[in-house]
Structure formats: C-alpha cells, structure tokens
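Visitor: Just the structure for this:
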Amino acid sequence: MKWFFAAVLFLALPASAGTFRAVEESGAVLYDAPSREATPVYVVSRDYPLEVLVEVEAWVKVRDAAGAISWIEKRQLGERRTVVVTAASADAHLRPEDDAPLAFVASQNVALELLESAPAGWVHVRHVDGANGYLRAAQVWGN
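Guide: Predicted coordinates for the structure are as follows:
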C-alpha cells in the first residue's frame, strides 16, 4: 500500500497556485488520503470553494478556508467559482465603492458565486437568492 501512495504522489499533477473550484454535490466527503478507504476528515456543503493543490487521476488535493489540507473525489468539484464569507458579516454594495448603496448583507460562512474580480480589491458576487453586489475581497476566501 505504501508504494501506491508513493506512486500517486510521484504522478501527481500540480495545479496552478490560486486555482479554486466549488463543490458540486451536497455533503461531499473530504479524506486524509486519495482513497475511499482513507479516513474521512469532514463533510463540506454544495458551493463551498476549495483551493486545488494537486490533481491525481480521480482525486484532488485541496485546501479549505481554514487552511486544512485534504482530498476530494474530482467528480465532486465543478468549474463554477464561489467564495465564502470569512468576516462576521459583509456588506455587498451596488457598485465597488464603500459609499455605494447596499445590495445585501452576507453572514459569515455563506457561499456566494464569484462573478468577477473588480478593481481596487473588490469582488463581484451573486447570492443564491439572485441578488448581486460588490464585496471587499478581504472579506471572503476563494478569490
């Protein structure tokens, strides 16, 4: 079994730094190694962003917002980009300006669809209810 993990690590394809992908399935299990026989570490919900570190055949080594590293089955990740609010709450504005009217307020740990990075440290996001606005990039993880 040791040779298997050594071979997996040797054949691993490194991902570009800062590559993020969202979980596509509800209740996706993260493991401590690239195998269903490995120890399950925890479960993440749909739309949770994960930073891709390494891709190995059917598995992806990822980092979460807390910095924990684990493995997830590649089929459980989509190409859609999301971010998760890390601040206690985050004000989304109609324009990327601090004095612009509020579009909505997002609570900590809420996942939002990332529409685009905006200038001067802002991100354009969409809430699951359809509202969209601009947040300070420092208030979210996954961008």
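Visitor: For the closest residue in space to Arg95 that isn't next to it in sequence, give the beta-bridge partners.
Guide: Computed as Cβ to Cβ, 6 or more residues apart in numbering, the closest residue to Arg95 that is not its neighbour in sequence is Tyr134, at 6.3 Å. Any C-beta I mention is one placed from the backbone N, CA and C, and that applies to glycine too. Beta-bridge partners of Tyr134, counted by DSSP bridges, are His93, His124.
Visitor: check contacts around Tyr134.
Guide: Counting by Cβ atoms under 8 Å, 6 or more residues apart in numbering, Tyr134 makes contact with 92-97, 100, 103, 118, 122-125.
Visitor: Just give the number of residues close to Pro96.
Guide: The tally of other residues near Pro96 (other Cβ atoms under 10 Å) stands at 18.
Visitor: what does Arg36 give?
Guide: So Arg36, with other Cβ under 10 Å, has 11 neighbours.
Visitor: quick one, what contacts it?
Guide: Counting by Cβ under 8 Å, 6+ apart, there are no residues that Arg36 touches.
Visitor: which SS state does it fall under?
Guide: coil (DSSP: H, G, I helix; E, B strand; the rest coil).
Visitor: Check the spacing between it and Trp71 real quick.
Guide: From Arg36 across to Trp71, the span is 10 Å (Cβ to Cβ, to the nearest Å).
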